[in-house]
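Student: just the structure for this:
(one chain, ligands or ions: 1)
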Amino acid sequence: MNTIDKFNEHVMGTYGRYPLVMDSGSGETASDENGKKYIDFGSGIGTNSLGYCNDAWADAVCAQVRKIQHTSNYYYTKVQADFAEQLTKAAGMEKVFFGNSGAEANECAIKIARKYSFDKYGKGRHNIITLVNSFHGRTITTLSATGQDVFHNYFFPFTEGFIFVKANDIDDLKAKLDDTVCAVMFEHIQGEGGVNALDKEFVDAIYELTAPKDVLTIADEIQTGVGRSGKFLAGDNFGHKPDIVTLAKGIAGGLPMGACLTGKKCAGVLTAGTHGSTFGGNPVCCAGGLEVLKKAADPAFLDEVAKKGEYFRKKLCEIPEVEGVSGLGLMIGITLKTKKAGDVAKAALDNGLLVLTAKEKVRLLPPLTISYEEIDAGIAILADILK
Ligand SMILES: *Cc1c(COP(=O)(O)O)cnc(C)c1O
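Tutor: Predicted coordinates:
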């Protein structure tokens, strides 16, 4: 039986997959089981931040596997301590809790926000404002936090306590920010929602309106963080530090890890027994994460990411079929004049290029290490398809 048939016989059909069996990768190029090569402008949804099987990353990960692959969180490991030190420093935060995915990082953030408020003010101040068109994950609670009706189906009852505000609508935020609210949670650039950056004025308003009420700010940087935007955190482009930041996707170069970081205010909220994760802070994932930080926390590397983002935008705007380009750094949304994003993604596959879609846009999240030659080669394929 071929792989696709075997797969579909045994794996739950939760994804619409392309008929392609991915086999291996090197640098910014993926290969399928027939040896066909693809320039990767998707990096596993912004996850393979250093490309495929980066040498230094692979060496560090393999060395860690051979040293100690896991221990329980009853004990300490040096590699988790090192990673936590460097991650909190890069993010400008105090403390971190490690989990294994974005949804888990957001669950942790939601628990911290509610407990912070409960500890200080008692019951009744548990609501969290999130934005319309946001995406925060697939668990029941993070689906509940997600501001899109299509996700609020089948799995009733959902977790209560989420209030949706229209992105960039300061009046809507003012109206809903009452004394039942303990936090506002937002993506600086809505990823799944269509690669839309928030207005600077709206982000300013979130901070101005929440501060006097001791309402926490939670930045979901699961897709935008760890260098993707050309800064370590996308929030750094907006000039604010949130109380809580969540990271995942690109954090460990393709190994499963999520992290919830807090500033001083919330650093002591979670105490022994209030939260945990068997695999959280796994040594192999931390070793991979340390290699990612060697690049993604380096200002010169981040400047390169920003420059490559600008280069992408300039080249893409020269394609007549391109209506506009959104996002920041190497997080890119492309609005097309007449063609459908889904059709373009399929055609790209046939022509040896991997791209993503988000709502009606073609979405690019290339590895942060992509070279100008590969950008040119990939854009040439895209331009050809869009003719
Ligand atoms: C991908 C994503 C998540 C969910 O992450 P998982 O690792 O799939 O659980 C949450 N928030 C944002 C902004 C994301 O892009």
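
Student: check contacts around the closest residue to Gly327 other than its chain neighbours.
Tutor: Leaving aside its chain neighbours, Gly327 sits nearest to Val195 (4.4 Å; criterion: C-beta to C-beta, 6 or more residues apart in numbering). Glycine gets a C-beta too; all of them are placed from N, C-alpha and C. Residues counted as contacts of Val195 (C-beta atoms under 8 Å, 6 or more residues apart in numbering) are 189, 326-327, 331-333, 358, 361, 363.

Student: change it to 10 Å
Tutor: With contacts taken as C-beta atoms under 10 Å, 6 or more residues apart in numbering, Val195 has the following neighbours: 189, 223, 325-328, 331-335, 356, 358-359, 361-365.

Student: so what's the residue count around the residue in the stretch 51-200 of the chain that the ligand sits nearest to?
Tutor: With C-beta to the nearest ligand atom as the measure, the residue in the stretch 51-200 of the chain that lies nearest the ligand is Gly102; the distance is 2.2 Å. The burial metric for Gly102, expressed as a neighbour count using other C-beta atoms under 10 Å, is 26.

Student: got the confidence number for it?
Tutor: Among the per-residue scores, Gly102 shows a pLDDT of 98.

Student: quick one: Val325 is in a strand?
Tutor: Yes. With the criterion set as DSSP: H, G, I helix; E, B strand; the rest coil, the secondary structure at Val325 is a strand.

Student: list the beta-bridge partners for it.
Tutor: With DSSP bridges applied, Val325 shows beta-bridge pairing to Ile334.

Student: against the ligand, how distant is it?
Tutor: To the ligand, Val325 is 19 Å away according to C-beta to the nearest ligand atom, to the nearest Å.

Student: so what's that residue up against?
Tutor: When the contact criterion is C-beta under 10 Å, 6+ apart, the partners of Val325 are 195, 309, 312-317, 319, 332-335, 361-362, 364.

Student: can you pick out the most distant pair from these?
Tutor: Every pair in these was compared (C-beta to C-beta); the two farthest apart turn out to be Lys314 and Lys361, at 18.0 Å.

Student: how about Phe301: what's its closest non-neighbour residue?
Tutor: Spatial nearest neighbour of Phe301, chain neighbours left out: Lys295 (4.8 Å); criterion: C-beta to C-beta, 6+ apart.

Student: do Ile128 as well
Tutor: Once flanking residues are discounted, Ile128 sits nearest to Ala183: 4.8 Å by C-beta to C-beta, 6+ apart.

Student: ok, and the closest non-adjacent residue to the residue of the stretch 151-300 of the chain found nearest the ligand?
Tutor: When scored by C-beta to the nearest ligand atom, the stretch 151-300 of the chain has Gln223 as its residue closest to the ligand, at 3.3 Å. Excluding its sequence neighbours, the residue lying closest to Gln223 (C-beta to C-beta, 6+ apart) is Gly191, at 3.8 Å.

Student: same question for Lys265.
Tutor: Distances taken as C-beta to C-beta, 6+ apart put Asp243 closest to Lys265, at 5.3 Å, once the chain neighbours are dropped.

Student: do the same with Met331
Tutor: Using C-beta to C-beta, 6+ apart, the closest residue to Met331 is Arg228 (5.1 Å).

Student: quick check: residues of the stretch 151-300 of the chain near the ligand?
Tutor: Proximity of the stretch 151-300 of the chain to the ligand is assessed by C-beta under 6 Å from any ligand atom, with 187, 191-192, 220, 222-223, 248-249 identified as the residues in range.

Student: would you map the helices across this protein?
Tutor: When secondary structure is read from DSSP state H, the chain shows helices at 3-10, 43-46, 55-67, 78-91, 102-121, 140-145, 170-176, 200-210, 283-296, 299-317, 341-350, 372-385.

Student: domains in this structure, by residue range?
Tutor: With automatic domain parsing as the criterion, the domains of the chain are listed as 3-53+299-385, 68-296.

Student: residue contacts, Lys315?
Tutor: Counting by C-beta under 10 Å, 6+ apart, Lys315 touches 322, 325, 372, 375-376, 378-380, 382-383.

Student: pull the most distant pair out of those.
Tutor: Distance extremes for the contacts of Lys315: the farthest pair is Val322 and Tyr372 at 19.1 Å, using C-beta to C-beta.

Student: comparing those two, which residue is more hemmed in?
Tutor: Neighbours around Val322 and Tyr372, counted as other C-beta under 10 Å, are more numerous at Val322. The numbers are 20 against 12.
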